[in-house]
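Colleague: A predicted structure for the sequence below; I have some questions about it.
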Protein chains: 2
Amino acid sequence: MSLTIKLTISPRIINLNCHERNRTKFPAIRPKPIYHSNALNPILYNNKRPGMIQASVSGTVIKSSLIEPDGGVLVDVIVPESERGSKTLEAESLPKARLAKIDVEWVHVISEGWASPLKGFMRENEYLQSLHFNSLRMENRTVVNMSLPIVLAIDDETKESIGSSKDVGLVGPEGDLLAILRSIEIYKHNKEERIARTWGTTAPGLPYVEEFIAPAGNWLLGGDLEVLKPIKYNDGLDHYRLSPKQLRKEFDRRQADAVFAFQLRNPVHNGHALLMNDTRRRLLEMGYKNPILLLHPLGGFTKADDVPLDVRMEQHSKVLEDGVLDPETTIVAVFPSPMHYAGPTEVQWHAKARVNAGANFYIVGRDPAGMGHPTEKRDLYDPDHGKKVLSMAQGLEKLNILPFRVAAYDTVAKKMAFFDPSRSKEFLFISGTKMRAYARNGENPPDGFMCPGGWEVLVKYYEQLQAEEAMPVVASA
Amino acid sequence: MSLTIKLTISPRIINLNCHERNRTKFPAIRPKPIYHSNALNPILYNNKRPGMIQASVSGTVIKSSLIEPDGGVLVDVIVPESERGSKTLEAESLPKARLAKIDVEWVHVISEGWASPLKGFMRENEYLQSLHFNSLRMENRTVVNMSLPIVLAIDDETKESIGSSKDVGLVGPEGDLLAILRSIEIYKHNKEERIARTWGTTAPGLPYVEEFIAPAGNWLLGGDLEVLKPIKYNDGLDHYRLSPKQLRKEFDRRQADAVFAFQLRNPVHNGHALLMNDTRRRLLEMGYKNPILLLHPLGGFTKADDVPLDVRMEQHSKVLEDGVLDPETTIVAVFPSPMHYAGPTEVQWHAKARVNAGANFYIVGRDPAGMGHPTEKRDLYDPDHGKKVLSMAQGLEKLNILPFRVAAYDTVAKKMAFFDPSRSKEFLFISGTKMRAYARNGENPPDGFMCPGGWEVLVKYYEQLQAEEAMPVVASA
C-alpha cells in the first residue's frame, strides 16, 4: 500500500510525496504554486539560532523563530499584577455586562492572543469583514485571517444600562469581575445573517447556534479588552492550557525547527497516530532536524455527544504512555476555543490560532470541523471543502498546510493504514460516531484500532455515563 | 440646509466635504485612511495625455487612463470574426449544455470583461473563494474582488451526456450555438450553502433564488468561455449596451479626468439627479476639469414589480431631454448583469464591474442592492451595511467610493433635497415602491419630485399594464 500523501487540490498545500519520481519534478521541495509561492519558510529560517526570541521594547512581545503571529505582535491583554487593584476598582465603577460561560471562553481566547491581532470583542467594522471576507485588513494594508465572528451579545436591558458609557465592566457567570471593555461600540445582532454567512445554512439543530446564538441578545458589544487576571477553570486541567506565549517559549526551548499542529476533538486512534508519525518522518526527510508535534485538543464548548475534555486528556496521556506517540517530540496542550462545527469557515480559525501559537505546519484531514447536516441525511459540508478553502484562505499564506489521505482499518494487515482505494473492500471506516458507539455498547473495536490503555479510558467513561443515566432521579422535597 | 456629504463610516470613503475648515485639515484632498492610503489616483494621472490608450501586443487590450481593469487586462472572449466559422464547426461536434435565459446574460457579462479577470464560468476553486472571501487571488498574489458566484448549473442528464469531454458547446434557449466552454470542471451545486453565503438568509421568496437557483440542476459546470459572436437582444436597446471596452474608449474620447458611476434599477427622480449633479460640482471643486457621469441602469433580470428596462430607458432619455442631467457630461448605457438583490454582497459586484468599465468613482447610497426581507417586516440588510462593506471590500482599494446622504422631498422648499435630520418632519420619503404605487394609481407625486417628461413615461407604462391585466384571457381552443 502506498503511503503517499497525495497533492490533489490546492495551490498552497505542501506535497509530502517524496518519491524519487516526484523529487525530480520538485527538486527543491517547493511545490509549484498556483496562486503564489509557498516557500517552506522554516527551511529559510534554519540559519537562525534556534530558541531565539525577539523581545519588543515593552518586553511582553514574543516573536517566534518559526512564524510570526498575525499582525506581527502577539496580543496579551491581561492586566499586569501591579495594576490589577486599580483596574478592578475602576471596573467596579462602570456599567456592567454579564457574561455567559461561552463568553468567558472567548475572553480567555482573546486575552492570550489566539485571535491576534484582535484585542477584544469585534466592533462592527471587524464583524462585517469577518462575515464577508473571513479576514481583517490591518492599518498597514496587510490582511490577516479571521473567519469566525468573535462577538459578545447583550440584551436590550444591558444596552439600556450601559447608556453612553465608553467603557463597560464584564462580569462572569458567578458574579466575579473579569474584565473591562474599552471604547465600546454597540451594534445590531442580526442572528439570521450571522448564522447563514458563518455556517452556510440556517437549518435548525446547529449546536453552537441552538446553545448560544438563539437565546442571546439582539445587540453586539464590541471593544478592547483588559482582562483583570488570567482565566482559570480549576478543573484539574489548567496546567494543560498553555498560552500561545508559553507554547512559543516551549518550542524554542526544545529548539524546534518545525512545529506541526494537529487539532482534534475526539480520542486519538492509531489512524491519527499513523499520520502524525508519518508527517514527522516526512518532515525529517525534507531536511528538518527537530520537528515538534503540537497535539492540540480543543477545550472549549463541544456538542453533547462528543467525549468530554477530561476524558480525552486522560486518553491522550495513555496514548503517550503506551508509546504510540513519542513524548520527546510531542507537546500536548489544550486549545481553549469553543467549537462552532462550521466546517470550512471554522478550520481557518483553527489554523490561524495555531499560527499565533507558533505552529508553521498545520495538518488538515477530511471534513475538518464538520458534522452531519442537522436536518438532512448528508454531511453538512463537502468533506473536501475544508482543506480546499484552507489552502486558499486570505491571510494564511505563510502557513504550510499538510493535507492527509484518510486512514482506515486495514482488515488484512490488522492495523490502521492510509486508505488504498484499489483494495477498498479490505478497509473498515471507523468514524468518531462509530468509535463512540463501540465504547458505549461495551464492544471492542478491531485489534490495532487504538492502544489498549486509551481504549480503556473510553470504556470506563461510557460505563460511568450509563450508570449515571440509569440512576433514578431523586426529586428534592 | 447643509449639502455636506458626510463621512461617517469608513476608511476608504472619500470626504467630499470641501468646506474651508476641512480643507485645512486635509490640504492635499487626500482623506486620512484608516486601513490604507486611498490616493485619488486620477489626480496623479493628470499629467497623462487624456485619451491615451495603452494597447497590448495582441491589440485587443485596453488600459484606461483612469483606472486599470481588475487583473490588469480587460477580458474579451468573443471569438474574432475570422475564426467564427471554424469554432462554430468545432462547437457543433462537442457535447452540449443548454443555457437558460439567465445564463445567456452571464455569458454576455463574462464575454465583454465586466467580470475581469474571470474568463468563464467559475470552477470550484473560484467558486469557493467567491463564497468565502468575496475575492479571488491571482497568480501574482494580488487579490481582485469577486463577491457573486458566477456559475452555470446543469442537471444530471447534461452531466451524463458531457461524460469525460474536456470542452462543451453552449446552446442558447432558442437552440442556437453561442459558445464553447473549455477545460471544463463539473462540481456539486450545494444550493443551500450558495444561497446562505450569498444572501445571508435562506428564507423563501428571494427573487433570483426562486427564479433561477431552486429550479436549477445539482451540478455546476466551470470552464473558460469562447463566445462565438457578441450577445445581442434585438429589443431596440442593444445600442445602449456598451461594453467596458467601448465605455473606456468613450471616456477617453471625451477626455474625462474622472468617471463617476451611478448604478440604478429604478426611474431617475430629482433626488438622484441632485446627488449626481452635486457630485460633479464637488469633483470640479476638487480640481477635476472634466468629470463624466456614467448613468448605468442595470439591464439584466430584475424582479417582477420593478419597472422594465425599456420603460426605464425611455424615462432616462426624458430626464436628459428635460435638462435635469447634462447630456454633455453624462453617458447613459446599460449594464447587462442580472440583479441578485443580495445587498452588501452584490454592491461589490456592481462596483467591481464599473471599475472594469473604467469608472474610478462609485456613488453608493442607502441599502444598495437591498430589498425587504421576504418573510419578515424589515429590510433584509442593514441599510448602512452596503456602503460599509463596500468601503472595506477586498480588491476594491483602488476605487474611490462616494457615499451620499439620503435625498427626500422637502415639503417647504418643494423640491428634492438632502435630508436634514433637524427638520425631519418637513421631509417626505418617497421610496421606489411608493413611486411605483403613485404611478400605478394614477396619482401625481409632489411637484418637483421628477421632471414631467419622465413622470409621463411611468404613468403611461402603468396605464398600459393595467389595461393588459384587465383584458380577458382568451383560451386557445
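Modeller: Great, that's in hand. Residues are numbered from 1 along each chain as shown, chains lettered A, B, ... in the order given.
Colleague: Helices along the stretch 251-400 of chain A, start to end?
Modeller: Ranges of helices in the stretch 251-400 of chain A, per DSSP state H, counting those that start in this stretch, are A:270-285, A:309-321, A:343-356, A:385-392.
Colleague: Turn those into JSON lines, columns for mean pLDDT and distance to B:Phe212.
Modeller: Yep, even glycine has a C-beta here, placed from its N, CA and C like the rest. Converted to JSON lines, these look like this (pLDDT from 0 to 100; distance: least, C-beta to C-beta, whole Å):
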{"stretch": "helix A:270-285", "mean pLDDT": "95", "distance to B:Phe212": "42"}
{"stretch": "helix A:309-321", "mean pLDDT": "97", "distance to B:Phe212": "46"}
{"stretch": "helix A:343-356", "mean pLDDT": "98", "distance to B:Phe212": "24"}
{"stretch": "helix A:385-392", "mean pLDDT": "97", "distance to B:Phe212": "23"}
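Colleague: would you turn the ones you listed into JSON lines with distance to chain B and mean neighbour count?
Modeller: Formatted as JSON lines, the helices of the stretch 251-400 of chain A follow (distance: least, C-beta to the nearest C-beta, whole Å; neighbours: other C-beta atoms under 10 Å in any protein chain shown):
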{"stretch": "helix A:270-285", "distance to chain B": "24", "mean neighbour count": "19"}
{"stretch": "helix A:309-321", "distance to chain B": "29", "mean neighbour count": "19"}
{"stretch": "helix A:343-356", "distance to chain B": "7", "mean neighbour count": "26"}
{"stretch": "helix A:385-392", "distance to chain B": "5", "mean neighbour count": "25"}
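Colleague: To B:Tyr233, which of these lies closest?
Modeller: Among the helices of the stretch 251-400 of chain A, helix A:385-392 comes nearest to B:Tyr233, with 36.3 Å by C-beta to C-beta.
Colleague: Ok, which of the helices of the stretch 251-400 of chain A comes nearest B:Met146?
Modeller: Short answer: helix A:385-392, nearest of these by C-beta to C-beta, at 12.3 Å.
Colleague: which residue is nearest the centroid of chain A?
Modeller: With distances taken as C-alpha atoms, centre = their mean, A:His350 lies nearest the centre of chain A, 3.5 Å away.
Colleague: so what's it up against?
Modeller: A:263, A:298, A:335, A:337, A:362, A:368-369 (C-beta atoms under 8 Å, 6 or more residues apart in numbering or on different chains).
Colleague: So which of those are in strands?
Modeller: A:263, A:362 (DSSP state E).
Colleague: Buried ones only from the contacts of A:His350, please, as a ChimeraX command.
Modeller: Buried residues among those (16 or more other C-beta atoms under 10 Å in any protein chain shown), as a ChimeraX selection:
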select /A:263,298,335,337,362,368,369
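Colleague: would you turn the contacts of A:His350 into JSON lines with distance to A:Leu177 and pLDDT?
Modeller: Listed next are the contacts of A:His350 as JSON lines, based on distance: C-beta to C-beta, whole Å; pLDDT from 0 to 100:
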{"residue": "A:Gln263", "distance to A:Leu177": "32", "pLDDT": "97"}
{"residue": "A:Leu298", "distance to A:Leu177": "27", "pLDDT": "98"}
{"residue": "A:Phe335", "distance to A:Leu177": "26", "pLDDT": "98"}
{"residue": "A:Ser337", "distance to A:Leu177": "23", "pLDDT": "98"}
{"residue": "A:Tyr362", "distance to A:Leu177": "36", "pLDDT": "97"}
{"residue": "A:Pro368", "distance to A:Leu177": "37", "pLDDT": "96"}
{"residue": "A:Ala369", "distance to A:Leu177": "33", "pLDDT": "97"}
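Colleague: circling back: looking at the helices of the stretch 251-400 of chain A, which is nearest to A:Asp176?
Modeller: Taking the helices of the stretch 251-400 of chain A one by one with C-beta to C-beta, helix A:309-321 is closest: 22.1 Å.
Colleague: on that earlier part again, now distance to B:Val77 too, for the contacts of A:His350, in a markdown table please.
Modeller: Below are the contacts of A:His350 laid out as a markdown table (distance: C-beta to C-beta, whole Å):
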| residue | distance to B:Val77 |
| --- | --- |
| A:Gln263 | 42 |
| A:Leu298 | 46 |
| A:Phe335 | 47 |
| A:Ser337 | 45 |
| A:Tyr362 | 38 |
| A:Pro368 | 36 |
| A:Ala369 | 38 |
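Colleague: which parts of the stretch 101-250 of chain A sit against chain B?
Modeller: Within reach of chain B by C-beta under 8 Å from any C-beta of the partner chain, the stretch 101-250 of chain A has these residues: A:124-125, A:128-129, A:131-135, A:137-141, A:143, A:147, A:188, A:190, A:192-193, A:196-197, A:199-203.
Colleague: Please compute how far the longest helix anywhere in chain A lies from its chain's middle.
Modeller: Using DSSP state H, we find that the single longest helix of chain A is helix A:452-470. Its chain's C-alpha centre and that of helix A:452-470 lie 26 Å apart, by C-alpha atoms, centre = their mean, to the nearest Å.
Colleague: give the contact list for A:Asp103.
Modeller: By C-beta under 8 Å, 6+ apart, the neighbours of A:Asp103 are A:152, A:170.
Colleague: for chain A, longest strand please?
Modeller: The strand that spans the most residues within chain A, counting by DSSP E, is strand A:177-188.
Colleague: by contact count, what packs against that one?
Modeller: Secondary-structure packing of strand A:177-188 (3 or more C-beta pairs under 8 Å, 6 or more residues apart in numbering or on different chains; DSSP states H and E): helix A:81-93, helix A:101-111, strand A:120-121, helix A:124-133, helix A:156-162, strand A:168-171, strand A:219-227.
Colleague: contacting residues around the residue nearest to A:Phe419 when sequence neighbours are not counted?
Modeller: In space, and not counting its chain neighbours, A:Phe419 is closest to A:Ala408: 4.6 Å by C-beta to C-beta, 6 or more residues apart in numbering or on different chains. Contacts for A:Ala408 (C-beta under 8 Å, 6+ apart) come out as A:271, A:416-417, A:419, A:427-430.
Colleague: same thing with A:Met371?
Modeller: Contacts of A:Met371 by C-beta under 8 Å, 6+ apart are A:207, A:303, A:341, A:343, A:379-380.
Colleague: so, if you compare these, which one comes nearest to B:Ile184?
Modeller: Nearest to B:Ile184 among those is A:Asp379, at 25.1 Å by C-beta to C-beta.
Colleague: Pretty sure the closest one sits against A:Pro368.
Modeller: No: with contact defined as C-beta atoms under 8 Å, A:Asp379 and A:Pro368 do not form a contacting pair (11.7 Å).
Colleague: Counting by contacts, list what the longest helix of chain A packs against.
Modeller: helix A:309-321, helix A:432-440.
Colleague: relative to helix A:452-470, how tilted is the last one?
Modeller: Translated: helix A:432-440. In terms of direction (axes from the mean of the first three to the mean of the last three C-alpha atoms, to 10 degrees), helix A:432-440 departs from helix A:452-470 by 80 degrees.
Colleague: pLDDT of helix A:432-440, averaged?
Modeller: Average pLDDT, helix A:432-440: 86.
Colleague: And it, what's buried?
Modeller: Neighbour-count burial for helix A:432-440 [16+ other C-beta under 10 Å]: A:432, A:435-436, A:438-440.
Colleague: Point to the helix or strand of chain A where mean pLDDT is at its lowest.
Modeller: helix A:41-44 (a mean of 28; mean pLDDT, DSSP states H and E).
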